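Undergrad: Would you be able to build a 3D model of this:
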Amino acid sequence: MTAVQPILTYNARRGRLRVGRLDALTRLGPTYMLPSSGPVRSDVLEIGSGMGEAVVAMAGADPERRYLAVEVHTAGVANLLQTLAATGMTNVAVAQGDALALVRERLEPGSLQAIHVFFPDPWPKARHAKRRLIQEAHVALLASRLAPGGLLHCATDAGEYAEQMLTVLSGSSLINVHSGFAPRPTGRPVTRYERRALEAGRTVRDLIFRRIG
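TA: Okay, here's the model as predicted:
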């Protein structure tokens, strides 16, 4: 019997990398990338770290905690590696690939203090909605990896997805820290993507939910 393939929450775009980024993967990967197998120990997980702006700013302001940035796109991984090397940061590890598979297979239950999901792909077409990251089964998995008191912090500029996130998270085992959407946290940096969203007139919404017990 053929195994059922999981529905991916990302679109693995392919493209040519600049020489410098190719070099970064080869030269810096052994220093900052997770090994390909074995348990992972981290305090804060960022799913979909993009070019690395948010995780670098937040980890830089929070040096006592270990951050793990997971990104599927090679250009973003390479850019983050270059930034980590340039800044000398030592509390960020990088992984490339399916974040949900990593969470499921390599992170211990109750091991994380926070999970960040900033501007995930909204998959706006109805037929693609099943590929969204924030849905019941995925949230249950993420919640299981949070320690008691741990936070799941999401942000999006997609209005319909924001409403779905609020509905899904409100129906989970997690507790909303605020009533409805959260005020914008000062600790979440404004990235280039967010600035473009604001300039285009889109509203950015944050959701912060806590694991209790």
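Undergrad: Could you measure from residue 42 over to residue 194?
TA: 24 Å (Cβ to Cβ, to the nearest Å). Where C-beta positions appear, they are placed from N, C-alpha and C, glycine not excepted.
Undergrad: More neighbours: these two, which one.
TA: Between residue 42 and residue 194, residue 42 has the larger neighbour count (other Cβ atoms under 10 Å), namely 23 against 20.
Undergrad: Which helix or strand contains that one?
TA: In this structure, residue 42 is located outside every helix and strand according to DSSP states H and E.
Undergrad: so how far is residue 69 from it?
TA: Between residue 42 and residue 69 the distance is 10 Å, computed by Cβ to Cβ.
Undergrad: Mutual contacts of the two, please.
TA: Taking Cβ atoms under 8 Å, 6 or more residues apart in numbering as the contact definition, residue 42 and residue 69 share the neighbouring residues residue 93.
Undergrad: In terms of helices and strands, where is the closest residue to residue 82 other than its chain neighbours?
TA: By the measure of Cβ to Cβ, 6 or more residues apart in numbering, the closest residue to residue 82 outside its immediate chain neighbours is residue 24, 4.8 Å from it. In the assignment (DSSP H and E), residue 24 maps to helix 19-32.
Undergrad: For the following helix or strand past that helix, what does the pLDDT average out to?
TA: Scanning forward in sequence from helix 19-32 by DSSP H and E, the next helix or strand is strand 44-47. When the per-residue pLDDT values of strand 44-47 are averaged, the result is 98.
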